[in-house]
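Q: no sequence on this one, just coordinates:
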């Protein structure tokens, strides 16, 4: 347990919480306090990953609710001397075994060709992690379950994965890459939902121009539910390791203006999830994943991305 009594020192910290302890230590601080990186707050501190640098002292680092941070800032601007007692019990425990959760709808013609989709099963260390990312896992799982209930079996396999350890290590995504290293040429597409399960407006795609044309044609099927917009820039942390090796990436673009109100906070609980929005996500994901897995031709890769 760390106890500190210290004057408050305000420093600029590039990278917000991730690098705040490094910037503060370089300025001579004994601890780092940042305003929670949130667009809205009801005095709810947001947690997250942070880093140290071997060239500076490792100092305690914490986040304050936006209201408390603004109050301290006003006091300092008035010329008041502010003293803070910081009591922390945060610790990094040794690694422990964990596993990805995997299920498949096996393809009827090309079972060795895979469209992989999912979210991450670890939340941060506060709240229930309902928005980040239990909701993403549930809607991905339900999309595949919907196809199964409808008796729709695509040409290729759809694999749904609940990746572990996204929040502070990405070991689930890295382990998936390593386990399937020799099969990535047959990974047609990687899809990740990790931005909240608000209403889907469309999808972001990262791949070749010719593949983009095919994805846009598939997206047009979702015009009636307002989810047909296809833009550049799909991806996600868990699928990042295989996307770096050439697998095309797709991710939903959701109405996520309220995402940072809740994620990584005690407020990230199931009451924040709208059943109607979740159902719309399930429908949109099911259509896109089925079409991507059932097309007569595979999504083409650019020559530089072919592995």
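A: Okay, I see it. All figures in this text were calculated on a predicted structure; none of them were measured in a lab.
Q: for the spatially most central residue of the chain, give me its contacts.
A: The C-alpha lying nearest the average C-alpha coordinate of the chain belongs to residue 194 (C-alpha atoms, centre = their mean; 3.6 Å). Contacts for residue 194 were tallied using C-beta atoms under 8 Å, 6 or more residues apart in numbering; they are 119, 120, 132, 133, 136, 166, 236, 237, 238, 251. (Glycine included, C-beta is placed from N, CA and C.)
Q: touching, the fourth one and residue 124? I think so.
A: Spelled out, that is residue 133. No - using C-beta atoms under 8 Å, residue 133 is not in contact with residue 124, being 9.7 Å away.
Q: those two - which one has more neighbours?
A: residue 133 (32 against 19; other C-beta atoms under 10 Å).
Q: quick one: the more buried one is in a strand?
A: No - counting by DSSP: H, G, I helix; E, B strand; the rest coil, residue 133 falls outside a strand, being helix.
Q: roughly how far apart are it and residue 119?
A: 4 Å (C-beta to C-beta, to the nearest Å).
Q: mutual contacts of the two, please.
A: Here residue 133 and residue 119 have 193, 194 as joint contacts, going by C-beta under 8 Å, 6+ apart.
Q: so which strand or helix has residue 104?
A: strand 101-105 (DSSP states H and E).
Q: who does that strand pair with, and is each partner parallel or antiparallel?
A: Strand pairing for strand 101-105, using DSSP bridges, gives strand 156-163 (antiparallel).
Q: run through who's touching the strand it pairs with.
A: With C-beta under 8 Å, 6+ apart as the test, strand 156-163 has contacts from 100-107, 109-121, 137, 140-141, 143-144, 147, 172-173, 176, 188, 238, 289-290, 293-294.
Q: the residue nearest to residue 58 when sequence neighbours are not counted: what's it in contact with?
A: Leaving aside its sequence neighbours, residue 58 sits nearest to residue 52 (C-beta to C-beta, 6 or more residues apart in numbering; 4.9 Å). Contact criterion C-beta under 8 Å, 6+ apart gives 21, 22, 58 as the residues in contact with residue 52.
Q: give me that answer again for 10 Å
A: 19, 21, 22, 25, 58, 59, 61 (C-beta atoms under 10 Å, 6 or more residues apart in numbering).
Q: same question for the helix or strand containing residue 188, mean pLDDT?
A: Assigned by DSSP H and E, residue 188 falls within strand 187-192. Throughout strand 187-192, pLDDT has a mean value of 98.
Q: starting at the chain centroid, how far to it?
A: 15 Å (C-alpha atoms, centre = their mean, to the nearest Å).
Q: right, and residue 142 touches residue 278 too?
A: Yes - using C-beta atoms under 10 Å, residue 142 is in contact with residue 278, at 7.9 Å.
Q: per-domain residue ranges of this protein.
A: Using automatic domain parsing, the domains assigned to the chain come out as 2-88, 101-305.
Q: does anything pack onto the longest helix along the chain? Which helices or strands?
A: Secondary structure assigned by DSSP state H gives helix 275-294 as the longest helix of the chain. Under the contact definition 3 or more C-beta pairs under 10 Å, 6 or more residues apart in numbering; DSSP states H and E, helix 275-294 sits against strand 101-105, strand 110-120, helix 135-149, strand 156-163, strand 187-192, strand 200-206, helix 209-219, strand 249-254.
Q: got the angle for the last one vs strand 200-206?
A: Taking axes from the mean of the first three to the mean of the last three C-alpha atoms, to 10 degrees, one finds that strand 249-254 is oriented at 150 degrees with respect to strand 200-206.
Q: contact partners for residue 268?
A: 44, 46, 123-124, 126-135, 196, 259, 261-262.
Q: next, it: secondary structure please.
A: coil.
Q: which intervals of the chain have sub-threshold pLDDT?
A: In the predicted model of the chain, residues 1-16, 303-307 satisfy pLDDT under 70.
Q: let me know the helix or strand that the closest residue to residue 49 other than its chain neighbours is in.
A: Of all residues not flanking residue 49 in the chain, residue 168 sits nearest, at 5.3 Å (C-beta to C-beta, 6+ apart). Using DSSP H and E, residue 168 falls within no helix or strand.
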